[in-house]
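Q: turn this into a model:
(one chain, ligands or ions: 1)
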Amino acid sequence: MAQLWGGRFTKETDQLVYNFNASISFDQKFYRQDIRGSIAHVTMLAASGILTEDEKEQIIDGLNGILNDVETGKLEITDKYEDIHSFVEANLIDRIGDVGKKLHTGRSRNDQVALDMKLYTRDELIEVKKLIITLIKELHKLMKENIDTYMPGFTHLQKAQPVTFAHHIGAYMEMFKRDLSRINDIYERMNYCPLGAGALAGTTYPLDRELTASLLDFKGPTLNSMDSVSDRDYVIEMLSAFATIMMHLSRFSEEIIIWNSNEYQFVELDDAYSTGSSIMPQKKNPDIAELVRGKTGRVYGALTSILTTMKGIPLAYNKDMQEDKELTFDAIDTVKGCLALFTGMISTMKLNKVNMEKSAMNGFTNATDAADYLVNHGVPFRDAHGIVGQLVLYCIDKNISLLDMSIDEYKSISPVFEDDIYDAISLKTCVEKRNTIGAPGYEAINKVIAINEEFIKSLE
Ligand code: ARG
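A: Prediction:
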């Protein structure tokens with residue numbers, strides 16, 4: 001047991017208590033951030049005249065040595081230490097002797113862990129951002145390639161009106177654009193440095209918190225030392241944004257599972273992204289999409305957990321907050337994995353355009369347009385709705401589509417119909433006439449694609 005605080009204790013910690021309390025098994029994940037924070041801290045201590053230049057050099061050399069040895073596997077992080085902070089400090093003292101004991105001057109593990117968690121979260125937000133951008137680029141490509149790939153649009157999972165695959169994908173494009181903007185917002189809001197807050201009430205040393213903040217690429221120092229050590233809002237915001245990303249990926253996965261089903265056959269997942277059955281030789285299952293959908297629960301769980309942990313904590317630091325880590329780390333890994341795999345899955349899946357179009361042709365997806373035709377010929381909409389209802393009933397009875405009816409059959413239900421009805425309710429017309437911005441028509445979708453093109457360029 002290597003602890004930083006034995007002085008006021010007369011007994012050894014019980015082993016079970018030690019194990020229960022220790023966080024090294026998971027906070028070792030941010031050894032890089034811990035060392036980076038310590039280097040910034042001693043740089044500031046020397047600049048503020050609290051350490052000499054020589055002491056600073058020795059400490060930084062020692063810290064870099066530890067970093068290097070951990071990275072190369074020469075130094076192992078073991079559970080002999082209570083947490084990553086103890087590990088780094090103990091190893092520093094082993095390496096450079098007494099001067100290492102000056103590292104923790106004007107610092108508490110409370111502001112140290114607040115910093116480490118923030119640095120880790122900030123780094124990971126950038127990684128997630130990159131993955132969302134890759135996905136957005138893939139969606140953009142799919143949109144550009146499928147402006148005239150017709151498919152049915154659904155409400156209540158019932159065929160409603162025809163759309164295009166570009167338009168359907170465009171819906172997810174908007175969701176992931178919002179996800180990206182949420183990540184950017186969170187980054188801006190969290191980007192203030194808690195180091196220098198001490199245990200809760202600042203320190204009596206003349207710390208230059210502005211300098212520490214700028215050394216660590218923060219916009220500035222946090223403004224209240226009690227809030228600095230007990231704020232985990234940024235973890236909650238990040239997990240909330242991640243939960244939303246997972247919700248989007250999960251809905252999208254659900255659609256892909258449906259599209260890939262034997263009944264629909266709109267898409268075919270690549271063999272590399274499908275799995276077989278141990279008993280049924282014919283099976284090719286969409287396991288990746290199902291796993292993405294399933295893993296959404298873990299990320300929601302992480303969000304619920306941290307919200308619940310934080311709700312009853314009086315100011316300032318309490319050990320409950322150590323619970324901010326494990327599920328957050330798991331959620332980060334989950335979101336990153338799901339984004340990467342999902343992007344791979346949709347970039348390799350094949351579209352069955354013939355089936356999509358065939359499906360859009362039946363199921364009366366052009367019924368609204370038939371009603372609009374009547375309205376354009378002076379029939380009040382409510383009456384038009386009723387007339388087209390009769391047409392649909394007639395077709396269902398004869399097992400034909402609206403386009404299969406003869407003009408005489410049309411006229412027997414309403415004399416308003418003329419030969420141009422066929423053109424008015426063709427699949428192409430139904431889609432192409434919808435050209436208000438945001439609609440699936442060629443002109444409208446091209447405008448959106450151009451906007452997205454500019455947006456993607458602005459990300460470079
Ligand atoms: N392992 C602790 C955590 O993750 C570090 C902070 C410990 N501070 C303390 N006062 N015990 O929160």
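Q: interface residues of the chain facing the ligand?
A: Contacts of the chain with the ligand, taken as C-beta under 6 Å from any ligand atom, map to Ser23, Asp27, Asp83, Arg109, Asn110, Val113, Tyr317, Lys319, Met321, Gln322. Glycine gets a C-beta too; all of them are placed from N, C-alpha and C.
Q: now with 8 Å, please.
A: 23, 27, 82-85, 108-110, 112-113, 117, 199, 317, 319, 321-322, 324-325 (C-beta under 8 Å from any ligand atom).
Q: can you give me the strands for the stretch 301-450 of the chain?
A: With DSSP state E, counting those that start in this stretch as the criterion, the stretch 301-450 of the chain has strands at 350-351.
Q: can you tell me the residue of it closest to the ligand?
A: Among all residues of the stretch 301-450 of the chain, Gln322 sits closest to the ligand, at 3.7 Å; criterion: C-beta to the nearest ligand atom.
Q: for the residue nearest to Met190 when sequence neighbours are not counted, give its distance to the ligand.
A: The spatially closest residue to Met190, leaving aside those adjacent along the chain, is Tyr234, at 3.6 Å (C-beta to C-beta, 6 or more residues apart in numbering). Taking C-beta to the nearest ligand atom, to the nearest Å as the measure, Tyr234 falls 15 Å from the ligand.
Q: list the contacts of Tyr234.
A: Listed by C-beta atoms under 8 Å, 6 or more residues apart in numbering, the contact set of Tyr234 reads Lys118, Thr121, Ile186, Arg189, Met190.
Q: rerun that using 7 Å as the cut-off
A: Neighbouring residues of Tyr234 by C-beta atoms under 7 Å, 6 or more residues apart in numbering: Lys118, Thr121, Ile186, Met190.
Q: tell me the confidence at the last one?
A: In the prediction, the pLDDT value recorded for Met190 is 98.
Q: now do the SS call for the residue nearest to Met190.
A: Following DSSP: H, G, I helix; E, B strand; the rest coil, we place Tyr234 in the helix state.
Q: if we can go back for a sec, by neighbour count, which of the contacts of Tyr234 wins?
A: When neighbours are counted by other C-beta atoms under 10 Å, Lys118 leads the contacts of Tyr234 with 26 neighbours.
Q: now for the helix or strand encompassing it, which elements pack on it?
A: Taking DSSP states H and E as the definition, Lys118 sits inside helix 109-145. When contacts are defined as 3 or more C-beta pairs under 7 Å, 6 or more residues apart in numbering; DSSP states H and E, helix 109-145 packs onto helix 31-47, helix 84-96, helix 165-190, helix 225-230, helix 233-259, helix 326-348, helix 442-459.
Q: for those helices, which one sits closest to Asp217?
A: Judged by C-beta to C-beta, the one of the helices and strands packed on helix 109-145 that comes nearest to Asp217 is helix 31-47, at 9.7 Å.
Q: please point out which parts of that closest one sit buried.
A: 31-46 (16 or more other C-beta atoms under 10 Å).
Q: what mean pLDDT would you report for it?
A: Rounded mean pLDDT across helix 31-47 is 98.
Q: report the mean confidence score over stretch 389-406.
A: Mean predicted confidence for stretch 389-406 is 94.
Q: do you know the pLDDT at the residue nearest to Met190?
A: pLDDT, Tyr234: 98.
Q: what does the one 4 residues further on give?
A: On the pLDDT scale, Met238 is placed at 98.
Q: and if you look at the one 5 residues further on?
A: According to the per-residue confidence, Ala243 scores 98 in pLDDT.
Q: check whether it really touches Gly301, as I assumed.
A: No. Here Ala243 does not reach Gly301: they are 9.4 Å apart, not a contact under C-beta atoms under 7 Å.
Q: and these two? Which one has more around it.
A: For Ala243 and Gly301, the more surrounded residue by other C-beta under 10 Å is Ala243, and the numbers stand at 19 against 15.
Q: from Val163, how far off is that one?
A: 28 Å (C-beta to C-beta, to the nearest Å).
Q: what about the residue lying closest to Leu374 once chain neighbours are set aside, neighbour count?
A: Of all residues not flanking Leu374 in the chain, Ala384 sits nearest, at 3.7 Å (C-beta to C-beta, 6+ apart). Number of residues near Ala384 (other C-beta under 10 Å) recorded here: 22.
Q: check Ser240 too.
A: Neighbours of Ser240 (other C-beta under 10 Å): 17.
Q: now do the same contact list for the closest residue in space to it that isn't next to it in sequence.
A: Spatial nearest neighbour of Ser240, excluding adjacent residues (C-beta to C-beta, 6+ apart): Leu303 at 5.8 Å. Contact partners of Leu303, counting by C-beta under 7 Å, 6+ apart, are Leu239, Ser240, Ala243.
Q: same check on Ile169?
A: So Ile169 contacts Leu139, Leu142, Met143, Asn146 (C-beta under 7 Å, 6+ apart).
Q: residues contacting the third one?
A: With contact set as C-beta under 7 Å, 6+ apart, Met143 has these partners: Ala166, Ile169, Gly170, Met173, Ile449.
Q: picking that back up, can you flag the buried ones in the residues of the chain next to the ligand?
A: Buried among those by 16+ other C-beta under 10 Å: 23, 27, 82-85, 108-110, 112-113, 117, 199, 317, 321-322, 324-325.
Q: any chance of the contacts of Ile169 in TSV, plus pLDDT?
A: As requested, the contacts of Ile169 are exported to TSV (pLDDT from 0 to 100):
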residue	pLDDT
Leu139	98
Leu142	98
Met143	98
Asn146	98
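Q: tell me where this structure is predicted with low confidence.
A: 1-2, 5, 279 (pLDDT under 70).
Q: report how many residues lie close to whatever residue of the stretch 351-460 of the chain ends up closest to the ligand.
A: Ranked by C-beta to the nearest ligand atom, the top residue of the stretch 351-460 of the chain for proximity to the ligand is Leu459, at 34.3 Å. A count of nearby residues for Leu459, using other C-beta under 10 Å, gives 12.
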